[in-house]
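>>> structure here, sequence nowhere to be found:
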């Protein structure tokens with residue numbers, strides 16, 4: 001079955017179900033169904049490798065024993081199927097027994113289903129969805145490769161599914177950052193807000209080419225690590241890694257900011273960190289106390305930058321997407337974070353990205369910071385990546401592509417200052433020069449405000465998200481004022 005046919009068939013079935021409301025719920029519904037199918041296919045492999053293998057899923061609730069239609073008239077459907085899923089299957093998976101000795105590949109089943117719901121109300125339609133998914137054999141290399149593309153399409157659909165778009169970073173960006181950082185087998189890579197696992201799989205795609213032995217496969221299986229706070233993207237990320245052949249997806253369901261950054265031990269640090277930290281949001285005052293007083297901030301992007309610096313190994317490398325607000329912000333926390341980065345790390349490159357990279361989820365301008373824990377910064381190169389010729393903006397139908405990074409690739413190998421029409425497109429600055437600029441990294445920016453033209457639906461989504469971001473900013477400022485007033489009492 002082709003990519004478009006698979007996705008369209010399932011979408012058409014679900015649209016006829018009164019219980020599924022919109023793309024976000026359709027994707028969430030499909031996500032847990034796909035997880036169980038993928039997990040069952042992986043378990044068949046584990047059973048062959050180890051005849052003593054014991055599944056954490058009770059026999060009755062394995063995909064092979066309830067979801068497959070043998071065309072014998074005995075398969076669950078209609079109200080019987082709904083009763084089974086709602087009253088037996090999901091409650092059982094939510095309460096599976098796990099402890100500190102439970103292997104990761106078993107523990108993830110319970111963690112995956114903690115926040116999972118069945119939205120479908122028509123058992124006949126649910127049976128049709130199960131039959132379509134059952135057609136894919138995830139142990140067949142050709143079908144698994146095809147499904148990687150299908151899954152990518154499903155993840156892209158998140159961008160137009162309301163706030164779910166925040167979990168998806170354009171694949172062109174994740175692939176470019178992984179390419180620049182050049183992961184090697186034996187190194188450990190992390191994303192502390194991994195969303196659907198884009199950076200993890202971009203890393204795996206590069207490492208897959210380096211696997212040429214059993215030992216190499218074992219290293220590959222334990223290369224990437226992720227943490228995701230929200231249930232839906234966590235489920236998607238775990239499934240994503242299973243599809244990529246990772247037997248023990250090392251992804252935690254939790255908040256990376258809930259631990260004191262000064263407590264991390266060497267074994268909890270990483271050779272590579274790639275991230276697109278959540279930005280525009282805010283954390284509770286209690287979370288800020290996990291950071292040194294000079295680095296405390298209510299802005300999530302600021303806090304994640306601190307986490308990254310504390311969890312990067314000696315000689316480690318990082319590629320991080322940040323909003324413009326981090327670059328030119330001059331409040332105490334932002335200034336101190338940038339000082340720390342320049343004095344304790346080598347911030348060697350800042351790539352200014354064109355607008356609408358994340359459209360329609362957000363129109364905020366973004367940038368990529370590349371830095372290493374090797375030596376203090378001696379110079380920082382800035383490069384402005386302009387909108388490709390023929391594009392006025394990126395959109396769902398015209399997303400950013402890998403080739404759009406080609407100008408950066410060409411410049412990266414032979415760096416030189418570039419000035420166009422009197423404006424700097426590429427230039428290096430010393431830490432002293434940046435310090436004189438009050439540690440603003442708003443350099444080699446775009447000479448004028450770029451025109452953003454979106455389709456009506458994308459424009460509406462963009463306005464809704466901008467309003468949400470503004471409300472979050474107002475709430476954050478009000479919280480800070482309240483804290484100041486309480487401190488004066």
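Cool, got the structure. Note that the coordinates shown come from a computational prediction; the quantities given were computed from them, not determined experimentally.

>>> assign the spatially most central residue of the chain to helix, strand or coil.
When the chain is reduced to its mean C-alpha position, the closest residue under CA atoms, centre = their mean turns out to be residue 195, at 3.0 Å. Residue 195 falls in the coil class when you classify it by DSSP: H, G, I helix; E, B strand; the rest coil.

>>> distance of it relative to residue 236?
8 Å (CB to CB, to the nearest Å). All C-beta atoms are positioned from the backbone trio N, CA, C, and that covers glycine.

>>> next: residue 14.
To residue 236, residue 14 is 17 Å away according to CB to CB.

>>> who has more neighbours, these two?
Neighbour totals were compared for residue 14 and residue 236, and residue 236 leads with 29 against 23 (other CB atoms under 10 Å).

>>> burial count for the residue lying closest to the more buried one once chain neighbours are set aside?
In this structure, residue 236 finds its nearest non-sequential neighbour in residue 196, 4.2 Å apart by CB to CB, 6 or more residues apart in numbering. By the measure other CB under 10 Å, the count of residues near residue 196 is 28.

>>> and residue 196, its phi and psi?
Note on residue 196: its backbone torsions stand at phi -90, psi 0 [degrees, to the nearest 10].

>>> list the contacts of stretch 416-433.
With contacts defined as CB atoms under 8 Å, 6 or more residues apart in numbering, stretch 416-433 is touched by 342-343, 376-384, 386, 411, 415, 443-444, 447.

>>> out of those residues, which end up buried?
342, 377, 380-384, 411, 443-444 (16 or more other CB atoms under 10 Å).

>>> re the thing from before, among the contacts of stretch 416-433, which ones are in strands?
380-384 (DSSP state E).

>>> buried ones in the strand ranked longest in the chain?
Taking DSSP E as the criterion, the chain has its longest strand at strand 312-323. Within strand 312-323, the residues scored as buried using 16+ other CB under 10 Å are 312-313, 316-323.

>>> tell me what it is packed against?
On a contact count with 3 or more CB pairs under 8 Å, 6 or more residues apart in numbering; DSSP states H and E, strand 312-323 meets helix 171-181, strand 270-275, helix 300-310, strand 366-372.

>>> which helices and strands sit right next to the last one?
What it means is strand 366-372. Using 3+ CB pairs under 8 Å, 6+ apart, strand 366-372 is in contact with helix 171-181, strand 312-323, helix 324-328, strand 346-352.

>>> what does that strand contact?
Applying CB under 8 Å, 6+ apart, the set of residues contacting strand 366-372 from outside is 173, 176-177, 180-181, 315-324, 326-327, 341, 345-353, 357-358, 377, 441.

>>> partners of it, with directions?
strand 312-323 (antiparallel), strand 346-352 (antiparallel) (DSSP bridges).

>>> could those strands go into a markdown table alongside distance to residue 127 and mean pLDDT?
Output for the strands paired with strand 366-372, formatted as a markdown table (distance: least, CB to CB, whole Å; pLDDT from 0 to 100):
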| stretch | distance to residue 127 | mean pLDDT |
| --- | --- | --- |
| strand 312-323 | 42 | 96 |
| strand 346-352 | 49 | 98 |
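
>>> any idea which of these gets closest to residue 296?
strand 312-323 (17.8 Å; CB to CB).

>>> report the angle between the closest one and strand 270-275.
For strand 312-323 against strand 270-275, the angle by axes from the mean of the first three to the mean of the last three CA atoms, to 10 degrees is 10 degrees.

>>> shaky segments in the stretch 51-200 of the chain?
For the stretch 51-200 of the chain, applying pLDDT under 70 flags the ranges 141-167.

>>> mind jotting down where the strands sit in it?
For the stretch 51-200 of the chain, the strands defined by DSSP state E, counting those that start in this stretch occupy 189-191.

>>> helices of that one, start to end?
Using DSSP state H, counting those that start in this stretch, the helices of the stretch 51-200 of the chain run over residues 63-66, 78-84, 90-94, 104-113, 123-134, 141-157, 171-181, 198-208.

>>> could I get the ones you listed as a markdown table with distance to residue 252?
Below are the helices of the stretch 51-200 of the chain laid out as a markdown table (distance: least, CB to CB, whole Å):
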| stretch | distance to residue 252 |
| --- | --- |
| helix 63-66 | 25 |
| helix 78-84 | 30 |
| helix 90-94 | 18 |
| helix 104-113 | 8 |
| helix 123-134 | 27 |
| helix 141-157 | 20 |
| helix 171-181 | 20 |
| helix 198-208 | 12 |
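
>>> nearest to residue 404, of these?
helix 171-181 (6.4 Å).

>>> which other helices and strands does the closest one contact?
Counting by 3+ CB pairs under 8 Å, 6+ apart, the packing neighbours recorded for helix 171-181 are helix 198-208, strand 270-275, strand 312-323, strand 366-372.

>>> could you check the angle it makes with strand 270-275?
If you take the same axes, to 10 degrees, helix 171-181 sits at 150 degrees to strand 270-275.

>>> residues in contact with helix 171-181?
For helix 171-181, using CB under 8 Å, 6+ apart, the contacting residues are 152, 198-199, 201-203, 205-206, 272, 274, 276, 317-319, 321, 353, 357, 368, 370, 399-402, 404-405, 408, 412.

>>> change it to 7 Å
152, 198-199, 202-203, 206, 272, 274, 317, 319, 321, 357, 368, 370, 400-402, 404-405 (CB atoms under 7 Å, 6 or more residues apart in numbering).

>>> sort out which of those are buried, if you could.
So, by 16+ other CB under 10 Å, the buried ones in the contacts of helix 171-181 are 152, 198-199, 202-203, 206, 272, 274, 317, 319, 321, 357, 368, 370, 400, 404-405.

>>> I'm done for today, thanks for sticking with me.
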